[in-house]
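Colleague: 3D model of this:
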Amino acid sequence: MPDPTRDAALDQVARAAYSLSAADSRLRGRATRTPGALSLTHARALRVLADTGPLPIGQLAAATETTGAATTQLVNGLAAAGYVTRERPVDDRRSVLVTLTDTGRRRHRERQTALAQALDTALAHHETTALDTATDVLRQLAAIYDQL
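Modeller: A predicted model of the protein is given here:
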């Protein structure tokens, strides 16, 4: 049986998802025009490298949920900014390891601190259970987007 209240709430979730997607696009635009700005993909790559250490391009692509070609472009931009280096392992000259530099590690910490503060401020009125629900909704949206 149709529930108009639920349908309206789901419509609001869809609209909020579109807004989030648009905000991500604006952030990507700023990242290409503003020195030091990081897109979500750049920030995700820095976080992965900070958490795991050096990774081959393929593993970095999997961890950042992007393609190998997109990750190569991503690494090019991060290397140009001085945030990562590419190194060939002595035991495998065919692969390339992407390594976070000290500058990249600092930038990652700055971004994480700014994000944590922004989230804490913007979401201060939400209890932990609401944040857990929001996390679940965002993950479900990601799965839906992957199916579209």
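Colleague: What is the lowest-mean-pLDDT helix or strand in the chain packed up against?
Modeller: In the chain, the helix or strand scored least confidently by mean pLDDT, DSSP states H and E is helix 4-33, which has a mean of 90. Counting contacts by 3 or more CB pairs under 8 Å, 6 or more residues apart in numbering; DSSP states H and E, helix 4-33 is packed against helix 40-52, helix 128-147. Bear in mind the C-beta positions are built from the backbone N, C-alpha and C, glycine included.
Colleague: Buried by neighbour count: which residues of the last one qualify?
Modeller: Buried residues in helix 128-147, defined by neighbour count with 16 or more other CB atoms under 10 Å: Leu141.
Colleague: Need the contact partners of that helix.
Modeller: 13, 17, 123, 126 (CB atoms under 8 Å, 6 or more residues apart in numbering).
Colleague: before we move on, what about stretch 44-56?
Modeller: 38, 60, 63-65, 71, 74-75, 78, 83-84, 87, 95-100, 104-105, 107-108, 111-112.
Colleague: hmm, 7 Å instead?
Modeller: Residues from elsewhere that reach stretch 44-56 (CB atoms under 7 Å, 6 or more residues apart in numbering): 60, 63-64, 74, 78, 83-84, 95-100, 104-105, 107-108, 111.
Colleague: Just the buried residues of the contacts of helix 128-147.
Modeller: Buried among the contacts of helix 128-147 (16+ other CB under 10 Å): Ala17.
Colleague: Using CSV, lay out the contacts of helix 128-147 together with distance to Ala50.
Modeller: Converted to CSV, those look like this (distance: CB to CB, whole Å):
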residue, distance to Ala50
Val13, 31
Ala17, 28
Leu123, 23
His126, 27
